[in-house]
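Undergrad: Prediction below, plus the sequence it came from.
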Amino acid sequence: MRATSRNDLRIGEASTLPVPTPGHPLAASLLLRTLRLNCQTDAYAPLWDKLYWPSWADDTWAAAFVWPDGTPSLAAGIGPEWTRDTLLRTEFARRAALVEIDALVAVWLGISAEELVAMYDTRFPVLQQYEEQMWFDATGRGIAKAHQQHGYGQLREAWKELGSHPDFPLEAKVPEGYTGSPYRADRQTEMRAAHAEFTRRVAAAG
């Protein structure tokens, strides 16, 4: 929609836009991540209830072995009915879903992991700048240098304290008010890991 500069969408026009392949092995995983990002209030309850897949209970993060220890389960807190826990609420979890959607759609479209990373490297310089200075604590709270990317409730001093570790950026100090060992964003590694897992799932589905 953004690329075509349309102000509205009619049935005839919609037929020219790309759509997911019905019955694709990754359809349920894409829908789960998309809805958990977007179903923010109970106004979305009818949509969630209508589209709910029981198989979501068995879905897991594709980049699970890259994410830090203690990362909540992708399916934690969800059920057939919308609740406040339906929405992915932490900054880490919401970013994780976005990373995995990119990798999932790349697999769906036949884009290799290296091609996906190349797209990120060449087409998204601002996002790269942000993520080079982005960390998360054990509860999923973001800590970023750029004020546009500050985590919820982040004070300016938090970034200074994080970077005060003598081995920064290889290691970071836990700022006051934050929990556990900080995790540094690494989108290229995360996308490669997710791409490999989604590729495996497609192959396993035949």
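TA: Cool, the structure landed. Numbering: from 1, shown residues only.

Undergrad: Would you enumerate the residues in contact with D58?
TA: D58 is in contact with A75, counting by CB atoms under 8 Å, 6 or more residues apart in numbering. In short, each C-beta sits where N, CA and C put it, glycine included.

Undergrad: roughly how far apart are it and P169?
TA: For D58, the distance to P169 (CB to CB, to the nearest Å) stands at 36 Å.

Undergrad: what residues are up against D102?
TA: Going by CB under 8 Å, 6+ apart, D102 touches L116, Y120, M191, A194.

Undergrad: Any chance of TSV for these, columns distance to L47 and secondary structure?
TA: Output for those, formatted as TSV (distance: CB to CB, whole Å; DSSP: H, G, I helix; E, B strand; the rest coil):
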residue	distance to L47	secondary structure
L116	29	helix
Y120	30	helix
M191	28	helix
A194	25	helix
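
Undergrad: Name only those of those that count as buried.
TA: Using 16 or more other CB atoms under 10 Å as the burial test, these include L116, Y120, M191, A194 as buried.

Undergrad: Quick check: the two most widely separated of the residues you listed?
TA: Of all pairs drawn from the buried ones among the contacts of D102, the greatest distance, 12.6 Å, lies between Y120 and A194 (CB to CB).

Undergrad: thinking again about what came up before, dump the buried ones among the contacts of D102 to JSON lines, plus pLDDT and distance to L104.
TA: Compiled in JSON lines, the buried ones among the contacts of D102 are given as follows (pLDDT from 0 to 100; distance: CB to CB, whole Å):
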{"residue": "L116", "pLDDT": "98", "distance to L104": "10"}
{"residue": "Y120", "pLDDT": "96", "distance to L104": "15"}
{"residue": "M191", "pLDDT": "97", "distance to L104": "10"}
{"residue": "A194", "pLDDT": "98", "distance to L104": "7"}
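
Undergrad: from those residues, which is closest to G180?
TA: Nearest to G180 out of the buried ones among the contacts of D102 is A194 (CB to CB; 22.7 Å).

Undergrad: Quickly find the element holding the residue lying closest to the closest one once chain neighbours are set aside.
TA: Of all residues not flanking A194 in the chain, A103 sits nearest, at 3.6 Å (CB to CB, 6 or more residues apart in numbering). Using DSSP states H and E, A103 sits within helix 91-109.

Undergrad: So F92 is in contact with P182, correct?
TA: No - F92 is beyond contact range of P182, at 10.8 Å (criterion: CB atoms under 8 Å).

Undergrad: shared neighbours of the two, which are they?
TA: F136.

Undergrad: which of these two has more neighbours?
TA: Set F92 next to P182 and count neighbours by other CB atoms under 10 Å: F92 wins out with 23 against 20.

Undergrad: Would you pull up how far the helix or strand L35 falls within lies from the middle of the chain?
TA: Using DSSP H and E, L35 sits within helix 27-38. Put simply, helix 27-38 sits 10 Å off its chain's centre (CA atoms, centre = their mean, to the nearest Å).

Undergrad: Could you name the helices and strands sitting against it?
TA: If you count contacts as 3 or more CB pairs under 8 Å, 6 or more residues apart in numbering; DSSP states H and E, helix 27-38 packs onto helix 45-51, helix 91-109.
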